[in-house]
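# below are the sequence and a predicted model; questions follow.
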Amino acid sequence: MNMQARSIKLAVTAAFAALFFALTAPAQATTIERVVSPGGIEAWLVREPAVPVIAMDFSFRGGSNQDPVTKSGLAYMVSSMLDEGAGDLDANAFNRLMQENALELRFNASRDHFSGSVRVLRDRQAQSFDLVRLALTAPRLEAEALERVRAQVLSSLRRETTSPGDIATRLWWKTAFPNHPYGRPNNGSLESVPLLTPDDLRSYVKRVFARDNLKVAVVGDIDAATLGPLLDRVFGALPAKSNLSPVPQAPPQAAGRRIVVDLDVPQAVLSLGGTGISRKDPDFIPAFIVNHILGGGSFSSRLYNEVREKRGLAYGVYSYLLPLDHSALFMSSTQTRADRAGEALDLIEAEIRRMAAEGPTEDELAKAKAYLKGSYALAFDTSTKIAGALLAIQTAELGIDYIDKRNGLIDAVTIADTKRVAKRLAAGGLLVTVVGRPKGITSKDNGG
Amino acid sequence: MKNRLTYVVTALTLIVALSGLRADAAPPNVSYFKLANGMEIVVVPDRRTPVVTHMVWYKVGAADETPGKSGLAHFLEHLMFKGTATNPAGRFSKELAAIGGQENAFTGSDYTGYYQRASREHLRMLMEFEADRMTGLVLTDEVVAPELNVVLEEQNQRVANSPAARLGEQVEAALYLNHPYGRPVIGWRPEIEKLTREDALAFYVRFYTPNNAILVVAGDVSADEVKAMAEATYGKIAPRAQIGPRIRPQEPPQVSRRQVTLADPQVAQPSFQRSYLVPSAATAKAGESEAIEVLAHVLGNGTASRLYRTLVVDRALAVSTGAWYQGSALDSTRFGVYGTPKPNVSLTQIEDAIDEVLNEVLVNGVSEDELTRSKNRLLADAIYAQDSQATMARWYGTALTTGSTVEKVGSWPDRIRQVTADAVRNAARSWLDRSHSVSGYLIKEQPKREEKRS
């Protein structure tokens, strides 16, 4: 196992206040260090000096699920406004400095997290991280910039009104999560976005951007001694505590329902979903393997074989697990020729039922394990990918030794585990939304 | 009064303006050599993680198709996964999956590429499989027929379902009066529908041969290791076709501005786009392609660009706008500008405003400050690219299939540094000529009344 011997190595570094003890042998390929700044901000660091670039990913718990009921799209709007001027810099000055320093700075609001992804040139790190600091701690969020960005968001929302994929997805979430933040669109609606004010944006920033719900991952040409004070400079001015609204746990509703939306396009878009498995569930890894066999990413899944390879009904067909902080979903999707859409849907539902009834075969399980273990290293070949992986492990609270443990967890899964968990995927049935003119699919209520 | 940050950054900008990003933007230690059978090999070492990216690029793409057979290069790309005499359908993908490898393929106007990413110790196996399917492909009607349907669904998904994509095809078709770049890579649907197993095999035998292929390996491997493995695998394949120069019908002098409008009830947001016929890196005079690249950046890359400042911020006409340049191409290529209006702003207003910005550059050129910022940003891309072995592999593969060389990829940062404000203005004057351009308008068509369908 030469590959494993050279894959990411872990070392938890004890760190107190301004002191950093690197307990790892310098010769080791890659180590994860836990760095705690003098001010108490924690980050996971992989030092990699070969390329003069530093990647930093960070996130705050509380994404669009913190949007007020009538103000959906608020977190998304904040994510689009943070580089529109901050501190003494107006939007123009801020953007010119970003360009001069070749700073890549992106913010994203998902349902449960507000995150940032940064890439800086090593030789411009001081100026670049100062811009990140300003964006996070002193964003201007002014009316003029808001009108400009609002027009951009509304333009995308108008586009979505006739885009079959967007219609199908929005309708799925709206139907599965009535009266819950997950049911409201992440980027807002044509009704809600006009209502957003600068005060709404400021209030969101104040409630969500705080040190107690912050996770940080850093990869690149920077050492722990430099990173510690840098963490304080970038994040130190944030309030100590966040003030999040509670979000109720919510299983997806409307299992068994099918909703067809008429749109005159040659291809029908299908969104399917039901209950999944929570990331903290002991059966998550077995479920992850079962999904890989059923409709995961490789060119060998059951859905790929039945829908694409054998019959040519679609260019893409897949399924995935979507564990959220307040729900757990199993989703599937395809775009298929309208005249055989019913056939494609029947095939997908039949494969899901067959998996629930029989589980995977021993051979499928062995192959899936081999793939998932072998491909893990491919997720660690750029600074940005490593930073993303470290952040994901932190937000899911899997532990700093997870990368070392992960392939062992895959190996430990038995055929009995997979058969047990396969029955739990979409156990109560699937909610299906279809946009287009699908032959052989009609709307129906629950329990049909 | 400037705050501290601005002051510090301004001082640093001056230093960078003088020194540039010299050392860091230099390319990594790249090797280039040829096998006896003519296959070219590029090795881009990246020893940080024990994985490799293995790519084979063929110097053939949609622009090399016989007229009437549009989509054939791409269709063959799909069929290359259907097995060989030695390795029946699915074996390559299955064995690759068993080692955790990932794979895919892509087709452009000038190239077709196949790649796998896997742990370093499997490189030899990847080469054996890829070498086998360079000449050993076996196709039966049984596998070809469903795959044609897959490609038709891909066309539906990428093009037919999207009015914006359909307009894009029309603009390109109108831009090229004679050159096959006017054909969509995926093909025209009525022609895709008629493609056959025999078409695919004939194309395969004609173009898939080691003397028309480039191996690019990036990742945790040395040039010597790659050379030994490549000689033992790809080196055993005898050339099976003579490959002549890639001569396509060229564009005649273009003398008229063209306009294309696509109206569809599905358009909820109108937009404007324009493409100009301009020189590519391969056809331009020395320094010209680099100047066009900087021009595109100054005009329309990001929120600090001229177009964005003018149309989105100062005049508040547009929600988005920008410019781009497709420099990597064997023949004359495209420079584009685009804009999306705010409500109650017409496409004509957007087009006029874009033309005013372009005219300003034609008359007065670009400032030293703009020039420096754009050049630094472009040079930074060369540094960021080094963080990804897959990106590096793709850069070299694209370059070598579009008339460039390893040396030219290496000298790209220096060539960008040498671009002057005069060169940018001259490029704009030479090439932003409406008589070799096509303007495209995406507008909403009110749906006709029709019977309600269930």
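Yes, it's here.
# in what helix or strand does A:R96 lie?
Using DSSP states H and E, the element containing A:R96 is helix A:91-100.
# does chain B sit close to that helix?
Yes: using CB under 8 Å from any CB of the partner chain, helix A:91-100 reaches chain B at A:91-93, A:95-100. Every residue, glycine included, has its C-beta placed from N, CA and C.
# skipping adjacent residues, who's closest to residue 102 in space?
As the question left the chain open, I've gone with chain A. B:A380 (3.2 Å; CB to CB, 6 or more residues apart in numbering or on different chains).
# I was thinking of chain B, sorry if that wasn't clear
Nearest one to B:Q102, counting by CB to CB, 6+ apart, is B:R117 at 4.9 Å.
# parallel or antiparallel, list what pairs with the helix or strand where the one you found lies.
Counting by DSSP H and E, the element that carries B:R117 is strand B:112-119. Strands that pair with strand B:112-119, judged by DSSP bridges, come out as strand B:51-58 (antiparallel), strand B:102-107 (antiparallel).
# helix or strand right after it?
helix B:123-135.
# and the gap between A:F107 and A:A75?
10 Å (CB to CB, to the nearest Å).
# who touches both of those two?
Here A:F107 and A:A75 share the contacting residues A:F114, scored by CB atoms under 8 Å, 6 or more residues apart in numbering or on different chains.
# who has more neighbours out of these two?
The neighbour count for A:F107 versus A:A75, taken as other CB atoms under 10 Å in any protein chain shown, is higher for A:A75 (30 against 19).
# deepest of the strands paired with strand B:112-119, which one?
Compared across those, strand B:51-58 shows the largest average neighbour count, a mean of 27 (mean count of other CB atoms under 10 Å in any protein chain shown).
# contacts for it next, please.
The list of residues contacting strand B:51-58 from outside it, by CB under 8 Å, 6+ apart, reads A:377-378, A:381, B:111-120, B:122-123, B:126-127, B:130, B:134, B:207-208, B:212-221, B:389-390, B:393-394, B:397, B:400-401.
# need the buried ones from the residues you listed selected in PyMOL.
Here is the PyMOL selection string for the buried members of the contacts of strand B:51-58, based on 16 or more other CB atoms under 10 Å in any protein chain shown:
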select buried, (chain A and resi 377+378+381) or (chain B and resi 111+112+113+114+115+116+117+118+119+120+122+123+126+127+130+134+207+208+212+213+214+215+216+217+218+219+220+221+389+390+393+394+397+400+401)
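# spell out the secondary structure type for the residue in chain B that chain A sits nearest to.
Per CB to the nearest CB, B:G100 is where chain B lies closest to chain A, at 1.8 Å. Assigned by DSSP: H, G, I helix; E, B strand; the rest coil, the conformation of B:G100 is coil.
# what sits against it?
Applying CB under 8 Å, 6+ apart to B:G100 gives the contacts A:370-378, B:118-119.
# give me the phi and psi for it.
Main-chain torsions, B:G100, degrees, to the nearest 10: phi 80, psi 20.
# what do you get for A:L365?
Per degrees, to the nearest 10, the backbone of A:L365 is at phi -60, psi -50.
# got the residues of the stretch 301-448 of chain A near chain B?
Counting by CB under 8 Å from any CB, the residues of the stretch 301-448 of chain A that sit close to chain B are A:308-316, A:335-337, A:367, A:370-378, A:380-384, A:437, A:442.
# my guess is A:L146 is in a helix, correct?
Yes: under three-state DSSP, A:L146 sits within a helix.
# not counting its neighbours along the chain, what's nearest it?
Spatial nearest neighbour of A:L146, excluding adjacent residues (CB to CB, 6+ apart): A:P198 at 5.8 Å.
# tally of neighbours for the one you found?
15.
# what separation do you get for it and chain B?
A:P198 is 18 Å from chain B, where distance means CB to the nearest CB, to the nearest Å.
# picking up where we left off before, average model confidence for the helix holding A:R96?
Averaging pLDDT along helix A:91-100 yields 95.
# now do stretch B:190-199
On average, stretch B:190-199 scores 98.
# equivalent analysis for stretch B:257-272, please.
Here the average pLDDT along stretch B:257-272 is 97.
# just the endpoints, please. Distance across it?
15 Å (CA to CA, to the nearest Å).
# and if you look at stretch B:428-440?
20 Å.
# who touches it?
By CB under 8 Å, 6+ apart, the list of residues contacting stretch B:428-440 reads B:167-168, B:170-171, B:174-175, B:254-262, B:272-279, B:288, B:292, B:295, B:335, B:351, B:358, B:361-362, B:365.
# could you list the buried residues of it?
Buried, per 16+ other CB under 10 Å, within stretch B:428-440: B:428, B:431-432, B:436-440.
# pull the distance from the helix holding A:R96 to the chain's centre.
28 Å (CA atoms, centre = their mean, to the nearest Å).
# do stretch A:118-132 as well
Chain-centre distance of stretch A:118-132: 24 Å, with CA atoms, centre = their mean.
# and the contacts of it?
Stretch A:118-132 is contacted from outside by A:52-58, A:86, A:94, A:97-98, A:101-106, A:116, A:220-222, A:230, A:233-234, A:383-384, B:5, B:8-9, B:12, B:21, B:24, B:380, B:383-384, using CB under 8 Å, 6+ apart.
# still on that earlier bit, the residue nearest to B:Q102 bridge partners, please.
Under DSSP bridges, the beta-bridge partners of B:R117 are B:T53, B:Q102.
# where in chain B is pLDDT low?
B:1-28, B:447-454 (pLDDT under 70).
# equivalent analysis for chain A, please.
Using pLDDT under 70, chain A drops low at A:1-30, A:447-448.
# for it, give the residue positioned nearest to chain B.
A:G374 (1.8 Å).
# ok, back up a step: buried among the contacts of stretch B:428-440? Need that as a selection in PyMOL.
To isolate the buried ones among those in PyMOL, judged by 16+ other CB under 10 Å, type:
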select buried, chain B and resi 167+168+171+174+175+254+258+260+262+272+273+274+275+276+277+278+279+288+292+295+335+351+358+361+362+365
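# among the contacts of stretch B:428-440, name the ones in helices.
Under the assignment DSSP state H, the contacts of stretch B:428-440 contribute B:167-168, B:170-171, B:174-175, B:288, B:292, B:295, B:351, B:358, B:361-362 to helices.
# rewinding a little: for PyMOL, write the select line for the buried members of the contacts of stretch A:118-132.
Restricted to buried positions by 16+ other CB under 10 Å, the PyMOL selection for the contacts of stretch A:118-132 reads:
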select buried, (chain A and resi 52+53+54+55+56+57+58+86+94+97+98+101+102+103+104+105+116+220+221+222+230+233+234+383+384) or (chain B and resi 5+9+12+21+24+380+383+384)
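# show me the contacts of stretch A:118-132 that map onto strands.
The strands, defined by DSSP state E, take in A:53-58, A:104-106, A:116, A:220 from the contacts of stretch A:118-132.
# pretty sure B:A393 contacts B:V221?
No: B:A393 lies out of contact with B:V221 (CB atoms under 8 Å); the separation is 11.8 Å.
# flag every residue of the stretch 151-300 of chain B that's near chain A.
Residues of the stretch 151-300 of chain B lying near chain A (CB under 8 Å from any CB): B:151-154, B:156-157, B:160-162, B:219, B:265-269.
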